[in-house]
Structure formats: structure tokens, C-alpha cells
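K.L.:
Next input, structure requested:
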Amino acid sequence: MKRTSLLQNYILEDSILVMPGAHDVLTAKIVEQAGFKALTIGGYSASASLLGQPDLSFLTLTEMVDCVHRIVDVVDIPVFTDGDTGHGGVLNVRRTVREIERTGAAGMFIEDQVFPKRCGHMLDKQVIGKEEMIAKVKAAVDARVDDDFVIMARTDALAVNGLEDAIERANLFSQAGADLIFVEAPTTVEQMRAITAQVDAPLLANNIEGGKSPLLSAIELEKIGYNTVVFPVAATYAIAKVVGDLMAEIAATGTTAGFSNRMVSFDEFNHLIGLDSLRSLERNYFHN
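P.N.:
Below you'll find the model as predicted:
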């Protein structure tokens, strides 16, 4: 089955779909080997990994497409990725969808922030008008070649205009053709319940450690009514913490010996990245 169709099916299953975030090929391989059915790539972590910059629209479309292509190329599970604001108006949205779909990704989302956008849990966001975002959603749906390529519409209106406007936008974007809806940064469980009760579409929840939304388990979110949950920055935060601790250990002791129990071994890492299978393939060319 196509990865786009798989993702569509996973979203519509009774049990919630859990998609950890990967910001590079190595983290993507780890997500897949851990047994998850799909993964996500967010602009926040990609910006940090590729540019060492915060999520403030520094990452260009071509840079994101290259990141997505590299990850899709090494995993077999569906990849769902970030299309930011579509990188411009409706015609730019069309190009964004075409470029991302060509990577082999199974789906993507666009959002209704004003460019330059920022992480949805940061302050001072602005949103475009409903009509403009509806046009962007229609353009995205029209641009995809594969009808199963998942288009998600995200609204950041809750923090700007309040819950009522965010819910209205969510329903309008669904009616415009979006397969999945994301109301960003609810601050209470009560707001989450209102969203799932009043939005007539599959819904995504976003678990950001230290963000504005309650950090709930996948089961709790499923009971509230969400269809899928992403953990887009958890791996990035974990890596930043562990590498920071490692550097402190080397600076203090001049060795990594005391840190070895927090690292994979040489052989474990080679197995993780597929050295054994590649060496076996290499040998076949000489002995067949």
C-alpha cells in the first residue's frame, strides 16, 4: 500500500496515531526502528538542526524539501512534514505541495500565520484572514497529484482571536478540503474538549515539552477525541541535553569513560545505521 494511503488509514483508525518528530536521517531511523507507524518533521527542529536558528521562517522551501527527501529515502514508514505558511500566496502553496509531494512524503500541513511565521507556542503571532487561508487550502488540495497525500490545515487563531474564531476557521478549512485539522496551542483541557466537540474533522494534537498546551499522554488525548498526536521536538530537546552533558563531562574529566553507559557502543551504532546489511551486499557483488 502507498505510504500516503497508509497515513490516511492510520489517521482514521479508532486508536490514536502517535508520530514522533525527526529532524534528520539518524533520528528518523531511530523512530522507525522503535516501531512507530509514522513520523513527522517540523520546521522548528529542522531549523535548529540545519541552520542552528529558531523557528522564525529562516528555513527556505528548498532546504526543507532536501531535509524531507533525505529522510523519506531511508525509512519505509509514512513521513508527515511541515509546509509552514506555504512559503507565500496561493501559487506558492501549489509549488510547495508539488515539491514536498515529489520527495515521497505522505502528507504535509500549511498554517494561517502571517509570514514570517514563528513557532506556535511563541508570543506575538499574527494570522491572515479566513478567506485567504481557505484559498490556500483549496490550492494545496488542488495541487497534489495523489489524492491520498494528506493535507492538514493548521490555525494559530486561538492565541490571536480566541477559541471561537479558531474553531470557526478549523471547520472552514475542513470544508475547503483539508484531510486533517490542527488548532495550535490550546492552553487547557477544557479548550481541547471544545475543539474536539465542535470541529467536524479528524484532529491533531501537538505535544511540546514546556509549551503552552497541557502535556497529555496519547491515551488521554484519544479519550478527548484527537485522532493523532505528534511529539515534534522531543528528540531534538533530548539530543541537546545529552550532548550538552557529554561536553560537560569531557571538559571536566578529559574522558568519556564515565559517560559510556549513556551512549551506544561502536557495534550498536554500526548496526543502527545498517552497516552489516551493506557489507553483506558488497560481498555479494564479488562472490556471485
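
K.L.:
alpha carbons only for contacts and neighbour counts from here, please
P.N.:
Noted.

K.L.:
Now the lengthiest helix in the chain: buried residues?
P.N.:
Of all the segments of type helix in the chain, defined by DSSP state H, the longest one is helix 234-253. Using 16 or more other CA atoms under 10 Å as the test for burial, helix 234-253 gives 234-236, 246, 249.

K.L.:
Strands along the stretch 101-250 of the chain, start to end?
P.N.:
Shown for the stretch 101-250 of the chain, the strands assigned by DSSP state E, counting those that start in this stretch span residues 107-111, 150-155, 180-183, 204-206, 228-231.

K.L.:
In JSON lines: those, plus mean pLDDT and mean neighbour count.
P.N.:
Listed next are these as JSON lines, based on pLDDT from 0 to 100; neighbours: other CA atoms under 10 Å:
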{"stretch": "strand 107-111", "mean pLDDT": "97", "mean neighbour count": "26"}
{"stretch": "strand 150-155", "mean pLDDT": "98", "mean neighbour count": "28"}
{"stretch": "strand 180-183", "mean pLDDT": "98", "mean neighbour count": "25"}
{"stretch": "strand 204-206", "mean pLDDT": "97", "mean neighbour count": "25"}
{"stretch": "strand 228-231", "mean pLDDT": "98", "mean neighbour count": "22"}
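
K.L.:
Quick one: closest of these to residue 5.
P.N.:
strand 150-155 (8.6 Å; CA to CA).

K.L.:
hmm, who's touching that closest one?
P.N.:
4, 7-8, 106-113, 137, 140-141, 166, 169-170, 173-174, 178-184 (CA atoms under 8 Å, 6 or more residues apart in numbering).

K.L.:
Could you tell me which strands that strand is paired with, and in which direction each runs?
P.N.:
According to DSSP bridges, strand 150-155 has the following sheet partners: strand 107-111 (parallel), strand 180-183 (parallel).

K.L.:
Using JSON lines, please lay out those together with distance to residue 220.
P.N.:
Listed next are the strands paired with strand 150-155 as JSON lines, based on distance: least, CA to CA, whole Å:
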{"stretch": "strand 107-111", "distance to residue 220": "24"}
{"stretch": "strand 180-183", "distance to residue 220": "17"}
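
K.L.:
which residues of this protein score low on pLDDT?
P.N.:
118-120, 122-123, 288 (pLDDT under 70).

K.L.:
how does it divide into domains?
P.N.:
3-232, 240-287 (automatic domain parsing).

K.L.:
Could you single out the most deeply buried of the ones you listed?
P.N.:
Comparing the domains of the chain by mean neighbour count (mean count of other CA atoms under 10 Å), domain 3-232 ranks first with a mean of 20.

K.L.:
Can you check the distance spanned by that domain, start to finish?
P.N.:
Start and end residues of domain 3-232 are separated by 20 Å (CA to CA, to the nearest Å).

K.L.:
Skipping adjacent residues, who's closest to residue 225 in space?
P.N.:
residue 196 (5.5 Å; CA to CA, 6 or more residues apart in numbering).
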